[in-house]
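**Student:** next one to model:
(chains A and B)
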Amino acid sequence: MWLVKIYVTLKKGLLDAQGKATQNALESLGFKEVEEVRMGKYIHIKMKGQNQQMVIQRVEEMGKKLLANPVIEDFTYEVEVLK
Amino acid sequence: MKFGVIQFPGSNCDYDCFYALNDVFKVEVEYIWHKQTDIKGYDGIFLPGGFTYGDYLRVGAIARFSPVMSVVIDYAAAGGLVLGICNGFQILTEAGLLPGALMRNNSLHFICKYTYLKVENNQIPHTYSCKSGQVLKVPIAHGDGNYYIDEHGLSLLIKNNQIVLRYCEENGEVTPKANPNGAVDNIAAICNKEGNVLGMMPHPERCVEDCLGSSDGKYIFNSILNFIKNSKVKL
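**Tutor:** Numbers count the residues shown, from 1 in each chain, chains lettered A, B, ... in the order given. I've put the predicted structure just below:
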């Protein structure tokens, strides 16, 4: 079994209204050191796969087909063996 | 003349569309369940507003893979008339039938109010009976209506006359102030290159009788009905 952690975020340059609102809230709480907040989604997938390369190939397909919208979002992921 | 209104799990403007077509415009209309894969015999297909699949993952992202959508894609490719309203518009962009995407409103607020819309293109079936530059008063009700497309995509929309409605002031002036949600270029509705598929965030089905505060939605419905009456194309 594999554990895949997928992160979906708005593309750089797009206004992230949720991130901006959260950043303002952090600043108003005194966290003045905050430079930027970007919001996104974390997707946790447990899956079968013969080897890491095949898992990555399937995860790439999932990301492109459904998990992220390539018009506005990017996705990254980490793959671990699940013991 | 017969229309179909698709019902996805979580559609909630399906009855309004049905009512407008059946009770106000007196045309035949049927519901189409999202698992249906035969949509032959309809003069037009409506994708109504709502919160399909609870807006999980992204608005429209899961409904886009409903069985009916593969036949809607074929229907559109064959020139069939399609209108996606609000969540229906979001599903059409997710399905790739319309370019761009709909993002969270820049204010982060769900906005439910009347807006003014300028008819920028009256050369498609959905605006066939509107005057160019006509101002329509139609309500919006959405949290994700902030239309986004990159600069290249926008230039193509402009070049191909695909921007159909823009948010404007009551006098028809398109201003940043009239833009309720941050949409690129004040875009409220776009069509595909061929003009048979329209997606719009405002709800024409919610303003077809004077008692509702506006009956300007009639211009969209009458356009579609008049276009079909005057065209000989049948699918």
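**Student:** tell me the buried residues in stretch A:4-19?
**Tutor:** Across stretch A:4-19, burial judged by 16 or more other CB atoms under 10 Å in any protein chain shown covers A:4, A:6, A:8-10, A:14, A:16-17, A:19. The C-beta positions use only the backbone N, C-alpha and C, and glycine is treated the same way.
**Student:** same question, stretch B:14-29
**Tutor:** Of the residues in stretch B:14-29, those buried (16+ other CB under 10 Å) are B:14, B:16-22, B:25, B:27, B:29.
**Student:** quick one: average pLDDT of that stretch?
**Tutor:** On average, the pLDDT along stretch B:14-29 is 98.
**Student:** hang on, the earlier thing: show me the buried residues of stretch A:4-19 that map onto helices.
**Tutor:** When those are checked against helices (DSSP state H), the matches are A:17, A:19.
**Student:** for the buried residues of stretch A:4-19, work out which two are farthest apart.
**Tutor:** Spatially, the most separated pair among those is A:Val4 and A:Ala17, at 28.2 Å (CB to CB).
**Student:** in terms of helices and strands, where is the closest residue to chain B within chain A?
**Tutor:** Scanning chain A for proximity to chain B using CB to the nearest CB identifies A:Val71 as nearest, at 4.2 Å. Counting by DSSP states H and E, there is no helix or strand that carries A:Val71.
**Student:** can you pull the contacts of it?
**Tutor:** Going by CB atoms under 8 Å, 6 or more residues apart in numbering or on different chains, A:Val71 touches B:93, B:99-101, B:148-150.
**Student:** redo that, cut-off 7 Å
**Tutor:** By CB atoms under 7 Å, 6 or more residues apart in numbering or on different chains, the residues touching A:Val71 are B:100-101.
**Student:** B:Val72 touches B:Tyr42, doesn't it?
**Tutor:** No. Checked against CB atoms under 7 Å, the pair B:Val72 and B:Tyr42 is beyond contact range at 10.5 Å.
**Student:** more crowded one of the two?
**Tutor:** The residue with more neighbours, out of B:Val72 and B:Tyr42, is B:Val72; 25 against 21, by other CB atoms under 10 Å in any protein chain shown.
**Student:** for the more buried one, which non-adjacent residue is spatially closest?
**Tutor:** Spatially, and ignoring its direct neighbours in sequence, B:Val72 is nearest to B:Ile45 (6.2 Å; CB to CB, 6 or more residues apart in numbering or on different chains).
**Student:** did I read that right, that neighbour in a strand?
**Tutor:** Yes. Counting by DSSP: H, G, I helix; E, B strand; the rest coil, B:Ile45 falls inside a strand.
**Student:** neighbours of it, how many?
**Tutor:** Close neighbours of B:Ile45, defined as other CB under 10 Å, add up to 23.
**Student:** A:Tyr42 versus that one, what's the distance?
**Tutor:** Taking CB to CB, to the nearest Å as the measure, B:Ile45 falls 36 Å from A:Tyr42.
**Student:** can you check B:Met201 too?
**Tutor:** Note on B:Met201: its distance to A:Tyr42, by CB to CB, is 29 Å.
**Student:** the two: which is more packed in?
**Tutor:** For the pair B:Met201 and A:Tyr42, the greater number of neighbours falls to B:Met201 (32 against 8), based on other CB under 10 Å.
**Student:** the more buried one: what's it in contact with?
**Tutor:** Residues near B:Met201 by CB under 7 Å, 6+ apart: B:86, B:89, B:140, B:142, B:145, B:188.
**Student:** in stretch B:219-234, which residues are buried?
**Tutor:** Across stretch B:219-234, burial judged by 16+ other CB under 10 Å covers B:219-221, B:223-225, B:227-228.
**Student:** with just CA atoms, put stretch B:105-119 into PDB.
**Tutor:** Output of stretch B:105-119 as PDB, limited to C-alpha atoms (Å, rounded to 0.1, in the frame of the first residue of the first chain):
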ATOM      1  CA  ASN B 105     -16.200  35.500  -5.400                       C
ATOM      2  CA  ASN B 106     -13.400  38.000  -4.700                       C
ATOM      3  CA  SER B 107     -15.300  39.300  -1.700                       C
ATOM      4  CA  LEU B 108     -15.600  35.700  -0.400                       C
ATOM      5  CA  HIS B 109     -19.300  36.400   0.100                       C
ATOM      6  CA  PHE B 110     -22.300  34.500  -1.300                       C
ATOM      7  CA  ILE B 111     -24.100  37.200  -3.300                       C
ATOM      8  CA  CYS B 112     -27.800  37.100  -3.900                       C
ATOM      9  CA  LYS B 113     -29.100  40.300  -5.600                       C
ATOM     10  CA  TYR B 114     -30.300  41.800  -8.800                       C
ATOM     11  CA  THR B 115     -27.700  42.800 -11.300                       C
ATOM     12  CA  TYR B 116     -27.800  44.600 -14.700                       C
ATOM     13  CA  LEU B 117     -26.400  42.800 -17.700                       C
ATOM     14  CA  LYS B 118     -25.400  44.300 -21.000                       C
ATOM     15  CA  VAL B 119     -26.100  42.200 -24.100                       C
END
